[in-house]
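> what's the 3D shape of this:
(one chain, ligands or ions: 1)
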Amino acid sequence: MMTKTDYTKPWTSAERYRPYADYSADYVTALTTAVDTSAYKNTYHIQPKTGLLNDPNGFSFFNGKYHLFYQVFPYGPVHGLKSWALMTSPDLIHWTDEGLKLFPDTIFDLHGAYSGSALPLSEKELFLFYTGNTRGENNSRDAYQNGAIYTQTGDIHKFDAPLLRTPEGYTDHFRDPMIFDAHGHKFAIIGAQTCEEKGTVVLAQATNDSLTAWDYKGQLQFAQEEMGYMIECPNLVFIDKKPVLLFCPQGLDKSIADYDNVFPNMYVIADDFDVESATLTQAGKLHNLDDGFEVYATQAFNAPDGRVLASSWLGLPDLDVPSQADGWQGMLSLVKELTLKNGQLYQYPVVETISLRHEKQNITLSEVATTIDSNSYELEIELRQDEENELYLFANDDNSSHVSLKIDVKNGKIELNRANLPVSWSENYGVTRSTQFTPGKAKLNIFADTSSLEIFVNDGEKVMSSRIFTVPENTYLFAKNSLPATIWQLKK
Ligand code: FRU
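Numbering: from 1, shown residues only. Predicted structure coming up:
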């Protein structure tokens with residue numbers, strides 16, 4: 001009899017870095033079956049075919065289609081030997097899985113094709129900028145910032161030598177180059193740790209049009225305070241010409257900016273990007289990008305149609321997730337458009353997301369159970385300006401198991417609580433998250449998928465993104481006090 005593989009067992013370093021070719025066809029078939037039959041599989045989100053997904057990479061528009069790559073270890077639900085997988089889409093909704101594209105197969109990326117970004121060079125060539133992770137003796141690390149061309153016909157041509165090597169003054173925690181256009185030049189920012197173990201962002205500039213030659217421009221100035229011990233996945237986008245820096249500081253002192261997750265995904269809005277002094281001028285306060293339980297490594301880019309588009313990993317580093325038992329973990333958020341309103345950052349699913357809606361129903365939620373077919377829906381509610389109510393999602397028929405949302409419109413506060421679920425996990429960082437929004441107005445658009453929940457408050461003023469693990473039959477909805485709502489089932 002075939003024994004079932006326990007994907008949750010501890011994985012040794014040798015297992016994590018085993019060459020892909022060493023996995024047998026039987027192993028892959030069993031893993032694929034485990035993932036395909038997982039009760040946690042989402043229906044309208046991007047998730048890995050098998051194994052672990054983490055950061056979105058190379059988000060771009062090229063050859064008439066959106067390209068969204070992501071970090072993947074395809075052979076198990078753990079951080080192992082990473083490649084870039086690719087999804088393409090004409091409309092940010094219908095995605096085609098193009099498979100693995102960028103493999104760890106040269107001496108400059110042997111232990112992982114780590115995160116990075118993309119920028120079209122022409123209609124035929126998409127430039128990819130990524131970190132090559134290599135490990136030496138005693139697990140020492142060397143990071144290289146590498147370039148590659150992804151062609152119109154779907155081939156990868158890696159450049160022979162790294163485009164940037166780690167400069168003096170930094171440890172080998174130096175990664176995640178994000179390329180962007182500004183003032184008629186091409187720049188890249190890289191997440192870094194100084195030799196004094198401080199987190200920072202390093203700026204580089206391309207010195208030729210083919211993007212094969214780069215110079216360092218120093219550290220990007222955007223905050224007075226210390227940014228923890230490391231910054232991962234920095235991104236710079238321009239919204240209404242204002243630079244907005246998204247980044248993930250690790251070890252940030254909570255007196256500088258408060259957060260609940262192990263590492264936050266933060267942003268600052270500045271007035272201008274001064275190249276000469278490598279400064280984001282008049283940079284504002286640090287804010288959490290998202291007030292939910294699991295969100296990290298958000299990647300954004302200025303799309304050719306003028307929008308700023310973003311995708312996040314609904315996950316966190318070093319986190320065990322229940323779906324690991326089924327051979328997978330990690331998923332991407334919906335694609336969000338970033339805008340500025342009255343100087344505040346708003347994030348909302350791209351307008352194309354509406355095309356997922358079908359079977360609209362107007363309902364009234366109450367203490368009596370509302371039954372729905374599946375946890376793949378969009379729920380829209382608008383509360384009265386002084387209303388206090390409680391909403392229960394992913395509930396069982398007597399509401400003893402659920403995710404709850406306590407909404408206090410007068411004080412502009414929402415508390416999300418996932419203590420009452422049949423599957424408990426990740427409780428060491430607490431079971432509640434809260435957010436503050438403009439008091440007196442609360443319109444919520446709630447996107448539930450089988451094991452995820454994305455809550456958008458007041459058209460994107462605040463966002464709470466989380467993973468939710470329950471049993472398939474827990475698809476009931478309740479509210480403490482009668483609450484009119486609109487619900488759409490969402491297409492797969
Ligand atoms: C962030 C991160 C990046 C790195 C990648 C490796 O989640 O640690 O800094 O490039 O994941 O998968």
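> Spell out which residues of this protein are next to the ligand.
Neighbours of the ligand within the chain, by C-beta under 6 Å from any ligand atom: 54-55, 71, 82, 114-115, 131, 175-176, 232-233, 297, 317. For glycine as for every other residue, the C-beta is placed from the backbone atoms N, C-alpha and C.
> got the buried residues for the longest helix along the chain?
If you go by DSSP state H, the chain has its longest helix at helix 25-36. Buried residues in helix 25-36, defined by neighbour count with 16 or more other C-beta atoms under 10 Å: Ala30, Leu31, Ala34, Val35.
> which element follows the helix or strand encompassing Ala118 toward the C-terminus?
According to DSSP states H and E, Ala118 maps onto strand 113-120. Counting by DSSP H and E, the next helix or strand C-terminal to strand 113-120 is strand 125-135.
> Counting neighbours, what do you get for Gly251?
Neighbours of Gly251 under the rule other C-beta atoms under 10 Å: 15.
> In contact with the closest residue to it other than its chain neighbours, which residues?
Nearest residue to Gly251 in three dimensions, chain neighbours excluded: Gly228, at 3.5 Å (C-beta to C-beta, 6 or more residues apart in numbering). By C-beta atoms under 8 Å, 6 or more residues apart in numbering, Gly228 lies in contact with Lys198, Gly199, Pro249, Gln250, Gly251, Leu252, Asp253.
> rerun that using 10 Å as the cut-off
By C-beta atoms under 10 Å, 6 or more residues apart in numbering, the contact list for Gly228 reads 193, 197-200, 248-253, 256, 263-264.
> what do you get for Val237?
Applying C-beta under 10 Å, 6+ apart to Val237 gives the contacts 178, 180, 243-246, 267, 299-303, 308-310, 338.
> Is it within a helix or a strand, and which one?
strand 230-239.
> Which parts of the stretch 151-300 of the chain are strands?
With strands called from DSSP state E, counting those that start in this stretch, the stretch 151-300 of the chain shows them at 156-158, 164-165, 170-182, 185-194, 199-206, 214-219, 230-239, 242-250, 266-269, 272-274, 279-281, 287-288, 296-302.
> how about those in TSV, adding mean pLDDT?
Formatted as TSV, those follow (pLDDT from 0 to 100):
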stretch	mean pLDDT
strand 156-158	98
strand 164-165	98
strand 170-182	97
strand 185-194	98
strand 199-206	98
strand 214-219	98
strand 230-239	98
strand 242-250	98
strand 266-269	98
strand 272-274	98
strand 279-281	98
strand 287-288	98
strand 296-302	98
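> Would you mind finding the most buried of those strands?
strand 296-302 (a mean of 25; mean count of other C-beta atoms under 10 Å).
> Tell me the helix or strand right after that strand.
strand 308-313.
> So which elements touch that following strand?
Judged by 3 or more C-beta pairs under 10 Å, 6 or more residues apart in numbering; DSSP states H and E, strand 308-313 is in contact with strand 51-62, strand 65-73, strand 230-239, strand 242-250, strand 296-302, strand 336-341, strand 344-349, strand 462-467.
> Output these as a markdown table; include the columns distance to Asp386.
Listed next are the helices and strands packed on strand 308-313 as a markdown table, based on distance: least, C-beta to C-beta, whole Å:
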| stretch | distance to Asp386 |
| --- | --- |
| strand 51-62 | 39 |
| strand 65-73 | 42 |
| strand 230-239 | 33 |
| strand 242-250 | 34 |
| strand 296-302 | 34 |
| strand 336-341 | 24 |
| strand 344-349 | 23 |
| strand 462-467 | 19 |
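> do you know which of these lies nearest Thr12?
Closest of the helices and strands packed on strand 308-313 to Thr12 is strand 65-73, at 14.1 Å (criterion: C-beta to C-beta).
> would you put the C-alpha positions of the closest one in CSV?
Once non-C-alpha atoms are left out, strand 65-73 reads as follows in CSV (Å, rounded to 0.1, in the frame of the first residue of the first chain):
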residue,chain,number,x,y,z
LYS,A,65,-0.6,41.0,-21.6
TYR,A,66,-0.1,41.5,-17.9
HIS,A,67,2.7,39.3,-16.6
LEU,A,68,2.8,38.3,-13.0
PHE,A,69,5.5,36.0,-11.8
TYR,A,70,5.8,34.7,-8.3
GLN,A,71,8.4,33.0,-6.1
VAL,A,72,7.7,29.2,-5.9
PHE,A,73,9.3,26.1,-4.4
